[in-house]
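> only the shape, not the letters, is given here:
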């Protein structure tokens with residue numbers, strides 16, 4: 001998919017861009033960081049498929065880019081979207097944020113089922129929370145607080161994120177509120193979530209409570 005984006009943005013791969021220095025620039029921009037980081041990791045499970053070296057990634061990227069040379073942008077865009085739709089989180093709102101107090105970054109994805117927290121580099125699932133398990137979300141001070149309780153036997157868990165983008169706090173709060181309100185509408189549930197959207201618009205930094 002990175003080669004498709006490179007072709008759309010830059011056109012055909014020119015001869016001078018086959019030089020290692022040139023390809024590295026495009027690989028860094030269009031190849032997911034997870035793939036590049038794994039290629040530098042010396043440790044590997046014996047049962048895992050072999051990882052490509054950095055040079056092999058550069059070469060493979062150049063080959064894939066050449067394979068779409070001359071293809072019309074419209075066709076490339078359709079191919080890209082067809083592939084993207086196969087991702088389980090296609091259409092979700094995904095924002096990158098720092099876990100406050102740890103220095104660690106993660107991805108938060110909000111979709112119609114719930115919220116998923118993904119590793120920044122590998123995109124491996126760290127945690128998954130359905131909307132019925134959420135007790136509070138949003139919060140003041142530019143931080144997004146997610147308080148959830150999955151099981152009566154478990155204590156409540158809390159995640160406090162500082163999003164990389166300034167507007168992401170309100171965007172994520174509004175997205176979660178919208179998904180919860182849609183569930184409320186479809187299932188006829190009576191709870192505080194019914195007025196969440198109004199609260200988000202009037203008080204964008206307030207902490208939203210979801211209690212039945």
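In hand now; what should we look at? Nothing here was measured: the structure is a model prediction, and the numbers come from that model.
> would you point out which residue is most central in the protein?
Here the mean C-alpha position of the chain is nearest to the C-alpha of residue 94 (Cα atoms, centre = their mean), at a distance of 3.9 Å.
> pLDDT-wise, which helix or strand of the protein ranks last?
helix 196-202 (a mean of 46; mean pLDDT, DSSP states H and E).
> picking up where we left off before, spell out the secondary structure type for the residue nearest to the centre of the chain.
Using DSSP: H, G, I helix; E, B strand; the rest coil, the secondary structure recorded for residue 94 is strand.
> residues contacting it?
Residues in contact with residue 94 (Cβ atoms under 8 Å, 6 or more residues apart in numbering) are 107, 108, 109. C-beta coordinates here come from the backbone N, C-alpha and C atoms, glycine included.
> again with residue 26
Taking Cβ under 8 Å, 6+ apart as the contact definition, residue 26 lies against 6, 10, 17, 61, 65.
> ok, residue 166 next?
Listed by Cβ under 8 Å, 6+ apart, the contact partners of residue 166 are residue 142.
> kindly recompute the last result at 6 Å.
Listed by Cβ atoms under 6 Å, 6 or more residues apart in numbering, the contact set of residue 166 is empty.
> from the contacts of residue 26, pick the one nearest residue 31.
Comparing the contacts of residue 26 against residue 31 with Cβ to Cβ picks out residue 61 as the nearest, at 6.1 Å.
> so the closest residue to residue 12 other than its chain neighbours, which of the three states?
Spatial nearest neighbour of residue 12, excluding adjacent residues (Cβ to Cβ, 6 or more residues apart in numbering): residue 69 at 4.4 Å. Recorded secondary structure, residue 69: coil (three-state DSSP).
> what about the longest helix along the chain, average pLDDT?
When the chain is parsed with DSSP state H, its longest helix is helix 168-187. In this model, helix 168-187 carries a mean pLDDT of 88.
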